[in-house]
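Undergrad: after the sequence you'll find the predicted model.
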Amino acid sequence: MDGLDGRAMKVAIIGAGLMGHALALVHALGGCRVRLQDANEEARERAPDLINTALTTLVHGNEIDDDAAADTISRIEVVPDIDGAVQNAGLVVEAVTENRDIKREVYDGIDAAAPTDAVIASNTSHLDVFPLMPAGRQARCLITHWYTPPYIVDLVDLAPGPETDPATMETMRALYAGFGKHPIVFEKFISGYIANRLQAAMNLEIFRLLDEGMATVEDIDGSIRHGLALRLAAAGQLEKLDYTGLEMAQRALANRTYIPPEPTGTSRTLDQLIEDGRTGVMAGAGFYDYGDASPAELFRQRDIKLLHLKKALKDIETA
């Protein structure tokens, strides 16, 4: 990865699912030539439609023009085998399911076929993947954790392993900053990073409210959209506390009249939804019913909202 010029770099994305296809788009938008690999034929067949839908949304949102969209899609190739994906790649991004055995098998395939100087990155949210990564490549291994949809959400967490070369971290930070992203560089891997830890704490309260029948799905999302999210969008949580007054935050801690739930590793509400096959947008239903709308259409609707919000936040920041 000499010089790590995104416009000359070849990138392999391993896994073409919910995050994989979107990461292929992120890197192609950054000018890289991308090979997107998945052993699952259905995932390979679905990925181009999802990518094209996202590009169309970006064009309609005035993020890119038609020529840029055409150039971007021309830089993405979908392939069935890891060997073909990682050949001559300067960067290999693993985006497969959060399963140790599957990830270890993927890393073995990468190790067998990728150039010796390739950087290997994982999109893992919570797993410490470094013990699974090739021992002889640890200096050029790191975590690059993205948030969906990464072609709109700019946050990306970068975490090194115990043997990661600091130069590799700086190279990747510079690459993604050059994409217009907002990389947060950690000194070491911490499960969940910052944003996912905050979401995990919020989910504990949300699932408690649902499991104990204290609030509805609509009430919870309404409280977030019309109260919490609005304020957090204008200022982060800690800046918001400055405006509230830190004495108020201190009194709130002292006057708390309930004990937050201990993590149990399960939720009756969540378990029942999954048992009923309501696993989210890809299944057509989760907490909400999505009718006959395709996942691509639902993602498009979400992306349009996020683009409008992102532009509004830029206006707020410059006000």
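TA: Yep, that arrived. Numbers count the residues shown, from 1 in each chain.

Undergrad: only C-alpha atoms from now on, for both contacts and neighbour counts.
TA: OK.

Undergrad: quick one: the closest residue to Ile64 other than its chain neighbours and Ala70, what's the gap?
TA: Of all residues not flanking Ile64 in the chain, Leu58 sits nearest, at 6.0 Å (CA to CA, 6 or more residues apart in numbering). From Leu58 across to Ala70, the span is 12 Å (CA to CA, to the nearest Å).

Undergrad: who has more neighbours out of the two?
TA: Neighbour totals were compared for Leu58 and Ala70, and Leu58 leads with 21 against 12 (other CA atoms under 10 Å).

Undergrad: can you list contacts of whatever helix or strand the more buried one lives in?
TA: Assigned by DSSP states H and E, Leu58 belongs to helix 41-60. Residues outside helix 41-60 that contact it (CA atoms under 8 Å, 6 or more residues apart in numbering): 16-17, 21-22, 25, 37-38, 64-66, 69, 73, 78-80, 296-297, 299-300, 303-304.

Undergrad: out of those residues, which sit inside strands?
TA: The strands in this structure, assigned by DSSP state E, contain 37, 78-79 from the contacts of helix 41-60.

Undergrad: so which of those residues is the most crowded?
TA: The most neighbours of any of those, using other CA under 10 Å, belong to Gln37, which has 30 neighbours.

Undergrad: for it, give me the pLDDT.
TA: Gln37 carries a pLDDT value of 98.

Undergrad: in this structure it contacts Gly17, no?
TA: No: between Gln37 and Gly17 there is no contact under CA atoms under 8 Å: 9.8 Å.

Undergrad: just give me how far the helix or strand of the chain with the lowest mean pLDDT sits from the chain centre.
TA: The helix or strand of the chain with the poorest confidence is helix 229-234; it has a mean of 88 (mean pLDDT, DSSP states H and E). On the basis of CA atoms, centre = their mean, to the nearest Å, helix 229-234 sits 20 Å off its chain's mean C-alpha point.

Undergrad: out of the contacts of helix 41-60, which are buried?
TA: For those, a neighbour count by 16 or more other CA atoms under 10 Å gives the buried set as 16-17, 21-22, 25, 37-38, 69, 73, 78-80, 296, 299-300, 303-304.

Undergrad: many thanks, have a good one.
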